[in-house]
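Chemist: Fold the following.
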Amino acid sequence: MTLTSETKKISTSRYVMQLYLDYFNERIRVDHYRGNMTMILQEIERLSAENTFQKIIFYTRPEQWMDLLSKGYELEAVIKGYFNGADNMIMTKYIDDKRRTSEHWIQENTILEKVFQKERQINETDLPAHYHFRKAEINDAEQLANLYGKVFEIYPIPMNNKDYVKKMINAGNLFYVVESNNLIVSAASADVNIDFKNAELTDCATLPEHRKYGLMKMLLLFLETDLRNNGIFCAFSIARSLSFGMNAAFYQLGYEYNGRLTKNCYIFDKLEDMNVWVKDLSH
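Modeler: Numbering: from 1, shown residues only. This is a model prediction of the structure:
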């Protein structure tokens, strides 16, 4: 399997930081850091040039983000409660105008406006008897990979590879699925960060012929219950800004829109803007 990303820890006498080098999406993300800011930025600039990354992302705490603002970074989104209850201010910097410029921003604003016009309620749908909800197991990896391969032409991570899916499950990612006639037709996962006590709800996919029953909202509720029972109260998701259905699902479930990440990752057939949705599961 071609290396699409890697996590790297750097520790010196002047600073420490943990990085996510995302080769597939041509970006570098600093997940947490402390120490000499000048040296940190110099190292990030060096790595960015060395790997031709087009976007730099910093996950920063409330007391840190202003330092980056003064260095030419901009605030794109906020994940409330990300760092064990402290907010994550997502700061970004772009290397070229093409990556910085969105061709769909106004259309995405229009989609959001339509989402906000809907009433916030979870409609109970009478599901056909052949639908069955359950937590995924390691032997579901092949079916999950087939599902993601059918739904997404391009995806930020290789979820269409069964070995990668197995790796995700073994690493502790929670997956819930919907079966119809013993076939997985819908799935979603929670990528749990044990250190900071948060979880990203992600890998949401439903086959087109099964999308009229609200399966995804129900899957997300199963994931929320599992997270809450394990003391994880910060739940967030990064959804395609062009998808009315996914943004509406998170809004209906009580998530708060907290910003948009420009051309954040490859999905379907292009680099896409992604909306950030956040929910406090303790409420």
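
Chemist: for the one helix or strand residue 224 maps to, what is the average pLDDT?
Modeler: Using DSSP states H and E, residue 224 maps to helix 215-229. For helix 215-229, the mean pLDDT works out to 96.

Chemist: next one: stretch 250-269
Modeler: 95.

Chemist: So which bits of it are buried?
Modeler: 250-253, 255, 257-267 (16 or more other C-beta atoms under 10 Å). Placement of C-beta: from N, CA and C, glycine included.

Chemist: what does stretch 6-19 give?
Modeler: Those would be 10, 15, 17, 18, 19, for stretch 6-19 by 16+ other C-beta under 10 Å.

Chemist: before we move on, back to that, name the helices or strands packed onto the helix holding residue 224?
Modeler: On a contact count with 3 or more C-beta pairs under 8 Å, 6 or more residues apart in numbering; DSSP states H and E, helix 215-229 meets strand 131-135, strand 174-180, strand 183-193, strand 198-206, strand 234-240, helix 244-252.

Chemist: closest one to residue 160 among those?
Modeler: Nearest of those to residue 160, taken as C-beta to C-beta: strand 198-206 at 10.4 Å.

Chemist: Which positions within the closest one qualify as buried?
Modeler: Within strand 198-206, judged by 16+ other C-beta under 10 Å, the buried ones are 198, 199, 200, 201, 202, 203, 204, 205, 206.

Chemist: just stretch 112-132 next, same as before
Modeler: 112, 115, 131.

Chemist: Wait, the last one touches residue 214, no?
Modeler: This means residue 131. No - Residue 131 lies out of contact with residue 214 (C-beta atoms under 8 Å); the separation is 10.7 Å.

Chemist: sorry, back to before: now the helices and strands packed on helix 215-229 as TSV including distance to residue 160?
Modeler: Below are the helices and strands packed on helix 215-229 laid out as TSV (distance: least, C-beta to C-beta, whole Å):
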stretch	distance to residue 160
strand 131-135	21
strand 174-180	15
strand 183-193	13
strand 198-206	10
strand 234-240	17
helix 244-252	19
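
Chemist: okay, which residue is most central for this structure?
Modeler: residue 238 (4.0 Å; C-alpha atoms, centre = their mean).
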